[in-house]
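>>> Structure for the following, please:
(2 chains)
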Amino acid sequence: MTRSGYFNDLHNWLISEDFTSTRQARLHKAYVAWLSLLANPLAFAGFAVVVLLILIATLAPIITLHDPVSQDLTMALKAPSAAHWFGTDEFGRDVYARLVYGARTTLYISILVTVIVAPIGFVIGAMSGYLSGWIDVVLMRITDIFLSFPSLVLALAFSAALGPGIENAVIAIALTVWPPIARLARAETLTFRNADFVVAAELQGAGMWRILLRHIVPLCAPSIVVRLTLNMSSIILTAAGLGFLGLGAQPPMPEWGAMAASGRQYLLDAWWLTTIPGIAILTVSLAFNLLGDGLRDIMDPRNA
Amino acid sequence: MSIAQTTEHPYQGSRKLLSGLRKIATSFAVILTTLFGLLVITFIVGRMVPADPVIAVIGDQADQATYDRVFTEMGLDRPLYVQFGHYLTDIAKLDFGQSHVTKNPVASDLARVFPATLELATLATLIGACFGVPLGVLAAVRKGTWVDHVARVVGLLGYSTPIFWLGTIVILVFYAKFGLIPAGGRIDIYNEGLVEGPTNSLLIDSLLAREWDVFWSAMHHVITPALILGYAAMAYLSRMSRSFMLEQLRQEYILTARAKGLGKWPIIWRHAFRNIRVQLLTVVALAYCGLLDGTVLIETVFAWPGLGQYLTSALFFADMNAVLGSVLLIGIISIAINLLSDIVYRFIDPRTR
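So this is what the prediction gives:
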């Protein structure tokens, strides 16, 4: 690759290991990670799809011509054409528009679940690993109980109890996603629990939370981020499964799983109704898996 | 607390026996607490339901006096822990309540639908293990070659495919377009009810009765959903066996075996593979539990009359007794499978003896 002028200087400044400032060292780390992402085509493809998904979700009103919810029964079940790229559904709604707005639903659910479970899983796992003793036993027992349920079935039970709807689906999925995070955070904390720097911090009078947040979090972060990225894929699949069973987002809100489900009635006449949302789910979930796999190789070489 | 430490017995044998007993007692305690936790969760979920359980029994036309009487009869005026106690006693008597939809006791409904799910999930796990494990081993042995890449793509696709969608597409292509597979169900209508057997698994019962037509019809119906579920299991198992295998191939005993002049495949199967069997067993058990998830969706798609379809239709009609009964059963099966793999693990791993 040839770089000219300014970019060449920037590249050299970033790649050099003779740091003159903390900032340079940090940027160097990020830049090297970025370069290894570029060097891993599959992981980069995953990254590109995720970025594209975020762009599509943000720009939804700009890149669609049709309203995702307004019905036009005269246009029902039309095959893909220039006006309707992915055809229309049984209510004459544009499938392309619903797909694009459905990206918002997917991102909303997966980001919200991740934001909820990351701190909960970390706090439970890290406390368990740091404090050990009976607190560890109790917390890990609770984690195991939640782990012993197949996750979709548990999510089904909770969303049945809470009632259908997207917020309840988020809560139901979150309740099934935190246990593996807690397990991971515990295992990571245990490896650092008796490290000299933790003992040193304790001797200086640092409390549990200071040690956990200032010393343990930065060290656990890479593997937890990898886990969360890989989790995104299973969150998306669970959310789609709930939508498919009619328990996730409620009509007329566009959601990929529910779109695929309602298309099943017209499977023989309108293949696009089921096929296209399914491909969208597959692509996005594959992208998160590829990205997570790549991030693991980059950030957490121990497990490579 | 610890028996082995308090009893300083001079004889090695009985000390070993005691520590063995202690291990068994510990794992029983673990199982009991997990089971208790499961029951707490299903109880709480049952109480969270917004629908009024009294109205569900007497209908919304009943007068206040009837409502109050039934409310008391159902024990809803008692404190929650008393209600939980009643719940536990009911469950211990295998009384999961009555289904509003089928009007049967949930327990007998579950006994009716469960064998179909067991048959489907078991076949799928077998398919997943038979294809996934050799694929994973091969990918580890040929790390970095095209075999490894194929295995990686197969695995990632299996992780990422929405299973209900794959099932629908398979029906569209192989049933609607080519007419190669049945649209759903467990058996052809003219073969239905021909075989009544001890196991309630149509495959095994028809084999035992030597009813070949019935067997082939049942096989024809089960194979498509089983292959789709098996693919999901295969993805998981191939990735796991690849990473277990890679770990073994790095060990020094492999180098020793090679230095002794042992052939490549004997090293792989007789040395390395033997050492990952125990780990594999655990992940096969996990895959089996994961498939219980998949069956819920795939049974809906293929109209497979099993636990998953029972659960989803109960959800659809807000039939909470049936939902909670099914969820509890699935949780108990998961615990049982893990327990079983734990027992077999102790049995085949010499280090745990």
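>>> Looking at the stretch 201-304 of chain A, which residue is nearest chain B?
As assessed by Cβ to the nearest Cβ, chain B sits closest to A:Gly278 within the stretch 201-304 of chain A, at 3.4 Å. Quick note: C-beta positions are derived from backbone N, CA and C, even for glycine.
>>> what about that residue, neighbour count?
24 (other Cβ atoms under 10 Å in any protein chain shown).
>>> That one - nearest residue in space that isn't next to it in sequence?
Closest residue in space to A:Gly278, ignoring its immediate chain neighbours: B:Trp165 at 3.4 Å, by Cβ to Cβ, 6 or more residues apart in numbering or on different chains.
>>> wait, what's in contact with A:Ile279?
Shown in contact with A:Ile279 (Cβ atoms under 8 Å, 6 or more residues apart in numbering or on different chains): no residues.
>>> likewise B:Thr117?
Applying Cβ under 8 Å, 6+ apart, the residues near B:Thr117 are B:292, B:295, B:299, B:304, B:306-308.
>>> Of these, which is the nearest to chain A?
Using Cβ to the nearest Cβ, the contacts of B:Thr117 come closest to chain A at B:Leu292, 4.7 Å.
>>> Just after the helix or strand the closest one falls within, pick out the following helix or strand.
Using DSSP states H and E, B:Leu292 falls within helix B:274-301. Using DSSP H and E, the helix or strand that follows helix B:274-301 towards the C-terminus is helix B:307-316.
>>> now that next one against helix B:274-301, angle please.
Interaxial angle of helix B:307-316 relative to helix B:274-301 (axes from the mean of the first three to the mean of the last three Cα atoms, to 10 degrees): 40 degrees.
>>> and the spatially most central residue of chain B, what does it touch?
The centre of chain B sits closest to B:Cys289, judged by Cα atoms, centre = their mean, with a distance of 3.4 Å. Taking Cβ under 8 Å, 6+ apart, we find B:Cys289 in contact with A:150, B:333-334, B:337-338.
>>> so where is the stretch 1-150 of chain A shaky, pLDDT-wise?
A:1-4 (pLDDT under 70).
>>> what do you get for the stretch 101-250 of chain B?
B:189-199.
>>> In contact with the residue in it positioned nearest to chain A: list those residues for me.
Nearest residue of the stretch 101-250 of chain B to chain A (Cβ to the nearest Cβ) works out as B:Trp165 at 3.4 Å. By Cβ under 8 Å, 6+ apart, the contact list for B:Trp165 reads A:240, A:244, A:260, A:274, A:277-278, A:281-282.
>>> circling back to that earlier point, out of the contacts of B:Thr117, which two are the most distant from each other?
B:Leu292 and B:Trp304 (13.2 Å; Cβ to Cβ).
>>> The residue of the stretch 101-250 of chain B closest to chain A: which element?
Using DSSP H and E, B:Trp165 falls in helix B:163-170.
>>> And that helix, what's buried?
B:163-170 (16 or more other Cβ atoms under 10 Å in any protein chain shown).
>>> Check stretch B:250-268 too.
For stretch B:250-268, by 16+ other Cβ under 10 Å, it's B:254, B:257, B:267-268.
>>> Closest one to chain A out of those, please.
Distances from chain A to the buried residues of stretch B:250-268, taken by Cβ to the nearest Cβ, are shortest for B:Ile254, at 19.4 Å.
>>> backbone phi and psi for that closest one, please?
phi -70, psi -40 (degrees, to the nearest 10).
>>> Tell me who's in contact with it.
So B:Ile254 contacts B:248, B:267, B:271-272 (Cβ under 8 Å, 6+ apart).
>>> Name the member of these with the most neighbours.
Neighbour max across the contacts of B:Ile254 (other Cβ under 10 Å) = B:Ala272, 23 neighbours.
>>> which ones are touching that one?
B:Ala272 neighbours (Cβ under 8 Å, 6+ apart): B:245, B:248-249, B:251, B:254.
>>> Over to A:Leu14?
A:24, A:27-28, A:31.
>>> pLDDT score for the residue of the stretch 201-304 of chain A closest to chain B?
If you check A:Gly278, the pLDDT there is 94.
>>> hang on, it packs against B:Pro162?
Yes - using Cβ atoms under 8 Å, A:Gly278 is in contact with B:Pro162, at 5.9 Å.
>>> joint contacts of the two?
A:Ala260.
>>> Would you mind measuring from the residue of the stretch 201-350 of chain B found nearest chain A to A:Ile171?
Nearest to chain A, among the residues of the stretch 201-350 of chain B, is B:Asp293, at 4.0 Å (Cβ to the nearest Cβ). Note on B:Asp293: its distance to A:Ile171, by Cβ to Cβ, to the nearest Å, is 19 Å.
>>> Settle it for me: which of the two has more neighbours?
When B:Asp293 and A:Ile171 are compared for neighbours, B:Asp293 comes out ahead with 26 against 16, by other Cβ under 10 Å.
>>> Alongside chain B, which residues does the stretch 151-300 of chain A contribute?
A:151-154, A:156-158, A:160-163, A:233, A:237, A:240-241, A:244-247, A:257, A:260-261, A:264, A:267-268, A:271, A:274-275, A:277-278, A:281-282, A:285-286, A:289-290, A:293 (Cβ under 8 Å from any Cβ of the partner chain).
>>> Please check the residues you listed and keep the buried ones.
A:151-154, A:156-158, A:160-162, A:233, A:237, A:240-241, A:244-247, A:257, A:260-261, A:264, A:267, A:271, A:274-275, A:277-278, A:281-282, A:285-286, A:289-290, A:293.
>>> Among the residues you listed, which lie within strands?
When these are checked against strands (DSSP state E), there are no matches.
>>> what angle do the helix holding B:Trp165 and helix B:274-301 make?
Using the same axes, to 10 degrees: helix B:163-170 against helix B:274-301 is 70 degrees.
>>> Put the alpha carbons of helix B:163-170 into CSV.
Extracted C-alpha coordinates of helix B:163-170, given in CSV (Å, rounded to 0.1, in the frame of the first residue of the first chain):
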residue,chain,number,x,y,z
ILE,B,163,-33.8,-22.0,12.5
PHE,B,164,-37.5,-21.3,12.0
TRP,B,165,-36.7,-19.5,8.8
LEU,B,166,-34.5,-22.3,7.5
GLY,B,167,-37.3,-24.7,8.2
THR,B,168,-39.8,-22.5,6.3
ILE,B,169,-37.4,-22.2,3.3
VAL,B,170,-36.8,-26.0,3.2
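>>> Any buried residues in the helix or strand just after it, and which?
Counting by DSSP H and E, the next helix or strand C-terminal to helix B:163-170 is helix B:202-208. In terms of neighbour count (16+ other Cβ under 10 Å), helix B:202-208 has its buried residues at B:202-207.
>>> how about a markdown table for the contacts of B:Ala272, with secondary structure added?
Shown next, in a markdown table, are the contacts of B:Ala272 (DSSP: H, G, I helix; E, B strand; the rest coil):
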| residue | secondary structure |
| --- | --- |
| B:Met245 | helix |
| B:Gln248 | helix |
| B:Leu249 | helix |
| B:Gln251 | coil |
| B:Ile254 | helix |
